[in-house]
Every structure is written in structure tokens, then in C-alpha cells.
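Trainee: build me a model from this:
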Amino acid sequence: MHLLLISRSMCQPDPSRNQRKVDRMKIAQSTRFLAVLLSLLVAVNSPAQDADDSAAVTAPDLSSLQTDWWSYFEGPREEIEPRVNTYLDDIGVQIDELAPQNQEIARSVLDAVRGNLTALLALSEDAELTLQELPPAAVNYSADDLLRLAAIARDARSGAEEELLEVERENRVLDGSTRRRDAAFKDYVDAAAGDERWLTALRLLQARSFQAISARRLDLLTLSYERANSYAEATAARADLAADRLATTADETRLDDLVIRVADSEAVVESAKEALLAAQIAASGLDLDTAQGRSEQRLQQQRLLGAEISLALAEAALAQAEALRWWAELVLETGPDTSVLGDDLLAWSEFVRSIEQRAPDWKHETEAELLAVQSVNQDNLDQVLRRLLGQRLETAQETLAQAGELDAAIADLELLMLVVNNAAGKYEGVFKSWLASISRAVKTAYIRVTSLADVTLFSVGETPVTGGDILRVLVILIVAMLLSRLIRHAIRRVGAGESSGTQASLYTVSRLTHYFIIVIAIFIALSSIGIDFSNLALVAGALSVGIGFGLQSIVNNFVSGLIILFEHSLRVGDYIELDTGLNGTVKSINVRSTLINTNDNIDIVVPNSEFVTTRLTNWTLAERTLRVRIPFGVAYGSDKERVKQAAIEAAAEVPYTLTHMKGREPDVWLTEYGDNSLNFLLLVWVNRQGARRPTRTRSAYLWALETKLSEYGIEIPFPQRDLHLRSGWPQASASTKTEPSAAE
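Mentor: Predicted structure coming up:
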């Protein structure tokens, strides 16, 4: 228990230091917090220390460390420094008492401890950090003052971010040193008495002193970050204040200077474009077969990248000059054309957006080039290759610097865009400014959407396919579908009053026309995006492979559909019945399948191949009328003529019966002498409606037959049986009844 008390002094940090740490940086780690809680619990359960231990600070004994042993090294530097020197000298004397094999190890550890404590003493003095202050705020600011303050704010924010990175790095170092301190303490607890205990205590002192250095550095870096962050926030607030207090007047001489500046910037842009063209030419004509040629190519490619960034910088400078000129014209109220200003604002916005999209790629490529150059082993390279590597390194570093300048230029341009927009709002008034902002928003949305048309989505061979190509294909196919639908509608209207055979032929023509238009549209659409169909053998080979592997069923159904259309064995409107028991009306014959509508108004999709390979009953193929047979029976002794008359009258009352057609009148046949009845058969020719509803038709005739037979008093029999008994059955029955009595 006495050894475990040591963890309290090692794991409990100085409260005054922890109060200065920033909560939102999450510097205090969970491991240290848990260690502090553990040490507090151990301290509560341990015996109370003597009053003399708290009153006097004694030098730690490495053979038996006390709970508060680290407090010996805490305090003002003027008190700690002589105490530390004396303690280290005493340890040097104690080393001589160790075993010879342990003395060298102990001296090396002592040197490390001495260095750590010396560094800790140097850090214990209060650091004098200069706090940057801004000059008093001015009443008015010019546009140049605004840009200068914005640059100061960016630099301050960048410095604060660097300070934060240092704080996070030191926090990781402190975590590592805490884990090493904990491991050293565990070794000390487990060490045996004697030289091993003494050496592990010295290593514990080394780990604890390094942890104290890291904790002190973390405090100082945190304080530095807080001050840098406060300064960055102050500069940002001052920049916002400058934007609000921007001068509302301008000098006409200043406007003339800005006009000249715009012209000079335009000349610089043209020069940058020429330099970019020259860089593109230089990067395209190199020998790649040798190491020198490949290195020169990388150099020229990096220079090309730098030329692109230089052009972007020149265009950003031109946009800034134009923005300043517009601001001056708005302030001086020289009658600026606000419609042109709106176009310029839109162009600047799109320019900023394009740079924000391309800048990460530029930086990534440049950083990759820097890494590639620095990872090359130059020991076996000749002077020419070394010179090329040096040029590549220098060019990449210059490109990175240009990328940083471009970021600053884009930030300045965005600020000037805001200033010009505000000035335009004051010049035009609230309502016109609102309309102008809506117009720019609509134009921006249109530009964003149309810009997607140039984005390459994928490639077909060597042909890139963009969003615009996909849109073009969709438009062509939609137009083809509309044209096909219009033609098919016209064909249906032409055949509306024709016979069924003519209608079937016209339906075939409409389907084939639809297929032809769609195929032609597909070829036109794919050709419009650059896909070459001149090599028909290649296309046919691809189709053969596709059919052989995965399209057999689809092609089979498609060909079956064509056979059905040309053969006319199945037409739209026919009432059919399959071997599976499915029956219904054909609604449409499509590429892959045929749609059947049952009598229950259920649509069933049947593959076309089933109509070709299986037996099909077409009830309305040749004619739309058919004869149905309704069997019925009457009792023996009924008048056959009255039965026939009743049946014919019943058929006449059913609306499905064809009338006034010579040779197709209803008829009644006596077909069989049944067991219980005379069996008749009613033969009736029914119209198209009756042919399409066989179950309903049969039910209607049976209903009418029962009604008429009842009216004529004709009996409809039910099954009857005559039972004939054998002779002698009563005697046999009597004998069976007397047998139980005899048994008794």
C-alpha cells in the first residue's frame, strides 16, 4: 500500500496549469483523468501522513519513493535550481555504490535526467509573450485599406491554425510521455529491492521529468494559441468593420487610375495566355525513352501547371481591378450600366467557383511532384539529372507559393464582389437590387446546369460520354417515341372501321413501324455521341456473343412476336385459350410478351414463345361468332316437341343468340337415353360478346332453360335408383334374429 501511494503525486497535475487549458481543444485526455481519479481513490483509502511530511520537503530516496516525491522539484526556479543540482550530485555519489555492471547504465540515465531537469527549469520561468494589438479603428476606410486588413486577418488566422497544430502535436507527445511514466512506475512497483529498485526509480525520475517538460510546453503553446486566436478574431472583426465603414466617396483621379489598371491587367492576362500556350507546346514534344527525357517531361508538366496558376492569378487581378473600377463608378454615380455589372458579377462568381474546384488538384499534383523529387536517390545520378531534379524541386516550390497567392487573390476578389454588390444595391434601390439578385441567381443556376453537360461521365472505347451526350440521346429517343406513337395512333384511326383482318394487318404494320423507328433512333442517338457503327461485322459479332450467352430468351420471344404478327394466328382482340387453362382477350402483342385480359379483368403477361411452341385455341380467329353446346335433361315421358319448343324459346330470350342468320338458327338434339332422363343438346350460335364470355354465356342459357321448362311444366329429373329384393330374404332375416336366443 505504501508503494501505491506514489501514483498520487505523479498522476495529479498542477491545478493552476489545468485552469489555463482550452476546453474546446480537448487537451485533457481521458487517460490522465482516469489516472487522477484512481490516485484520489487510493489516497482516500491510505493512512494519513505525518504532519512533518507536509511541513518539510525532503529529497526523494530512490530506494523508497514517498507519495509526494515529485513536489521536491516544484517551485520557483531560484529555489529549485540549487536543490536540483545538489540532488543530482548526491545521485552521482550513490551510483558509485552500485554494482559495477549497473554503474554505466545509471550514469547514462542520470545524464538524461539532468538534461530534462535543466530544460524544465528553463521552461519554469514565465514566458513573455507579446500580444499583438491593432491600431484604433478609423472613421472611414478605403478599398485598399479593406484589402490590406483582409490580408492581415488571413495571415492571423493562418498563424492561429499553425499554433493549434502545435498544441495538438504537443498534446500527443504528452499522452505518450504519460504512458511511459505509467509503465516506469509499474516497473518500479514490481522491481526487487536493491540495485534493480534504485535503477527503476531513476528511470521513473527520467520519465516523470520528461512528462513535466511536455506538460509545461503544452501550457505555453496553449497560451500562445489563445493569444493568436484572439488576434485573428480581432483582425477579422476589424475587416468586417472596414467593410461597413467603407468610404462613400471616391476621387475621379482614382477612377482614371483604375481604368488604366484594368487595361494593364488585361495585357497581363493576354501575356499569361501566351505563356500557357508556350508551356503546352513545350510539354508535348519530349523524348520519353530515356530517364533524362522523362525527368524533363515532369519538369515541363510542372511548368505548365505553374503557367495555369499564373493565368488564374492574372485573371483574378483583372477581376479585382474591374471590381474596384465598378465600385468607384457606383460611388461617384457616373451612370454605370448595371446590367453589364450584373454580368460581370456573375462571371466573377463562376471564375471563383472554377478556381475553387481546380486549386485542390493543382496543389495535390505539386505536392506529389515535391514528394517524388525528394524521394529520388541522387547518389548514382549524373550532373544533368541532378540539375533537372533541382529545377523540378524549385519549380514545384514556386508553384506552391503561387497557389497560396491565388488563394489570397480569390479571397480578396470575393470581398470586393461583396462590396460592389452592396454599392450596387444602394445605387439601384432595394427593389431593383432584389430583381438583379434574382436574375443573377437564375443565370447562375442555368450556368451550373449547362456546365454539367461538359462533365465526362464514362467512356466507350476512346469516346468520352458527357452529360450533354446523355441528354442528347434521351431527347432523340423521346422524339422517336412520340413520332412512333403519333403514327400508330393514325394507323389505328384508319383501321377503326375496317374488318378484323384488315385491323390485324394494320396492327402488324404499326408494330413494325414502331420497331423500325426505335432502332433507327437508337443508331442516330449513339452516332450523335461519337460511337462508330461503320464496322457492322464487329457489331454483329457482339450481338452474336450476347445472344449466345444471355439473350437467348429475349431473342426467342422477339422472333416469336414477329412470327405471330406476320402469321396472323393471333391478333389483338382475339379470344384465346391455352393448354394451361388460361383464357382471355388479347390486348397487345409486344416485343417480348403478349398481354392477355381474362374475363375477371386480370391482365396476364405471357411470353410470345408460348404461343408458338404450345397448342393454342383461338375462339375468334376466322369469325367473331361461334356455336355453343348446352346439354340438359328432362324426365322420361316428357313431350319431345314441347321440350324442343321450350328450349328454342329460351335461346331466343338470351341476348347472345344470333338471330336472322340463315343456317344458324338454334336447334335441339336428342342425344341419349340416360339412366334418369332424356338427354338433349341445345346448339346455339352466339355473337361476339357471347364468344368472349363462355362461362357467362353457358350460365345465361342454363338459366333461361330452367325458366322455360318450368313454364311448360316439364320436369327436370334427379338421379333415381330401383331396388329389387331377392326371394327368400324374409326367412334369412328371421333366422338371424333367432340365433342369439339359441346361444343363450
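Trainee: how far away is the residue nearest to Val376 when sequence neighbours are not counted from Ser284?
Mentor: Leaving aside its chain neighbours, Val376 sits nearest to Leu389 (6.1 Å; criterion: Cβ to Cβ, 6 or more residues apart in numbering). Heads up, the C-betas are built off the backbone N, CA and C, glycines and all. Note on Leu389: its distance to Ser284, by Cβ to Cβ, to the nearest Å, is 22 Å.
Trainee: if we can go back for a sec, contacting residues for the residue nearest to Val376?
Mentor: Ser295, Val373, Val376, Gln378, Leu381 (Cβ atoms under 8 Å, 6 or more residues apart in numbering).
Trainee: what helix or strand is it located in?
Mentor: Leu389 is part of helix 383-428 when elements are defined by DSSP states H and E.
Trainee: equivalent analysis for Phe680, please.
Mentor: strand 678-686.
Trainee: do Ala317 as well
Mentor: helix 291-332.
Trainee: elements contacting that helix?
Mentor: The contact analysis (3 or more Cβ pairs under 8 Å, 6 or more residues apart in numbering; DSSP states H and E) places helix 291-332 against helix 252-284, helix 338-374, helix 383-428.
Trainee: in a markdown table: the ones you listed, plus mean pLDDT and distance to Ala704.
Mentor: Formatted as a markdown table, the helices and strands packed on helix 291-332 follow (pLDDT from 0 to 100; distance: least, Cβ to Cβ, whole Å):
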| stretch | mean pLDDT | distance to Ala704 |
| --- | --- | --- |
| helix 252-284 | 88 | 93 |
| helix 338-374 | 88 | 82 |
| helix 383-428 | 88 | 87 |
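Trainee: least trustworthy helix or strand in the protein by mean pLDDT?
Mentor: Here the helix or strand of the chain ranked lowest by mean pLDDT, DSSP states H and E is helix 7-11, holding a mean of 33.
Trainee: please state the offset of the helix holding Leu389 from the chain centre?
Mentor: 31 Å (Cα atoms, centre = their mean, to the nearest Å).
Trainee: show me the strands in the stretch 451-600 of the chain, by range?
Mentor: Shown for the stretch 451-600 of the chain, the strands assigned by DSSP state E, counting those that start in this stretch span residues 456-460, 463-466, 575-578, 583-589, 593-597.
Trainee: ok, for Ile563, nearest residue in space, not its chain neighbours?
Mentor: Val612 (5.9 Å).
Trainee: pretty sure that neighbour sits against Phe566.
Mentor: No. If you go by Cβ atoms under 8 Å, Val612 and Phe566 don't touch, sitting 11.8 Å apart.
Trainee: out of these two, which sits in the more crowded spot?
Mentor: Taking other Cβ atoms under 10 Å, Val612 and Phe566 do not tie; Val612 has more neighbours (18 against 11).
Trainee: neighbours of Ala312, how many?
Mentor: 23.
Trainee: that one is in contact with Val352, isn't it?
Mentor: No. Counting by Cβ under 8 Å, Ala312 stays clear of Val352, with 10.5 Å between them.
Trainee: elements contacting the top helix by length along the chain?
Mentor: Counting residues, the longest helix found in the chain (DSSP state H) is helix 195-244. If you count contacts as 3+ Cβ pairs under 8 Å, 6+ apart, helix 195-244 packs onto helix 15-18, helix 100-124, helix 143-190, helix 383-428.
Trainee: make it 10 Å
Mentor: Counting contacts by 3 or more Cβ pairs under 10 Å, 6 or more residues apart in numbering; DSSP states H and E, helix 195-244 packs against helix 7-11, helix 15-18, helix 77-95, helix 100-124, helix 143-190, helix 383-428.
Trainee: as a whole number, average confidence for the fifth one?
Mentor: Taken as a whole, helix 143-190 has an average pLDDT of 91.
Trainee: could you list the low-confidence segments of the stretch 501-650 of the chain?
Mentor: In the predicted model, the stretch 501-650 of the chain carries pLDDT under 70 at residues 501-504, 532-551, 621-624.
Trainee: can you give me the helices for it?
Mentor: Remark: helices assigned in the stretch 501-650 of the chain by DSSP state H, counting those that start in this stretch are 536-549, 552-567, 608-613, 640-653.
Trainee: now do the residue nearest in space to the middle of the chain against Glu356, distance only.
Mentor: Nearest residue to the geometric centre of the chain (Cα atoms, centre = their mean): Leu457, 15.1 Å. Distance, Leu457 to Glu356, by Cβ to Cβ: 22 Å.
Trainee: count of neighbours near the residue nearest to Phe566 when sequence neighbours are not counted?
Mentor: Using Cβ to Cβ, 6+ apart and skipping the chain neighbours, the partner closest in space to Phe566 is Thr508 (6.7 Å). Neighbourhood size, Thr508 [other Cβ under 10 Å]: 20.
Trainee: coming back round to it: okay, the helices and strands packed on helix 195-244 in JSON lines with distance to Gly530 next?
Mentor: Converted to JSON lines, these look like this (distance: least, Cβ to Cβ, whole Å):
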{"stretch": "helix 7-11", "distance to Gly530": "71"}
{"stretch": "helix 15-18", "distance to Gly530": "68"}
{"stretch": "helix 77-95", "distance to Gly530": "78"}
{"stretch": "helix 100-124", "distance to Gly530": "69"}
{"stretch": "helix 143-190", "distance to Gly530": "46"}
{"stretch": "helix 383-428", "distance to Gly530": "35"}
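Trainee: right, and those helices - which one's nearest Gly495?
Mentor: helix 383-428 (64.5 Å; Cβ to Cβ).
Trainee: what's the angle from the closest one to helix 195-244?
Mentor: Computed by axes from the mean of the first three to the mean of the last three Cα atoms, to 10 degrees, the angle separating helix 383-428 from helix 195-244 equals 40 degrees.
Trainee: got the angle for helix 383-428 vs helix 338-374?
Mentor: Going by the same axes, to 10 degrees, helix 383-428 makes 160 degrees with helix 338-374.
Trainee: what is the orientation angle of helix 383-428 with helix 143-190?
Mentor: 120 degrees.
Trainee: ok so, going back, between Ala312 and Val352, which contacts overlap?
Mentor: Ile410 (Cβ atoms under 10 Å, 6 or more residues apart in numbering).
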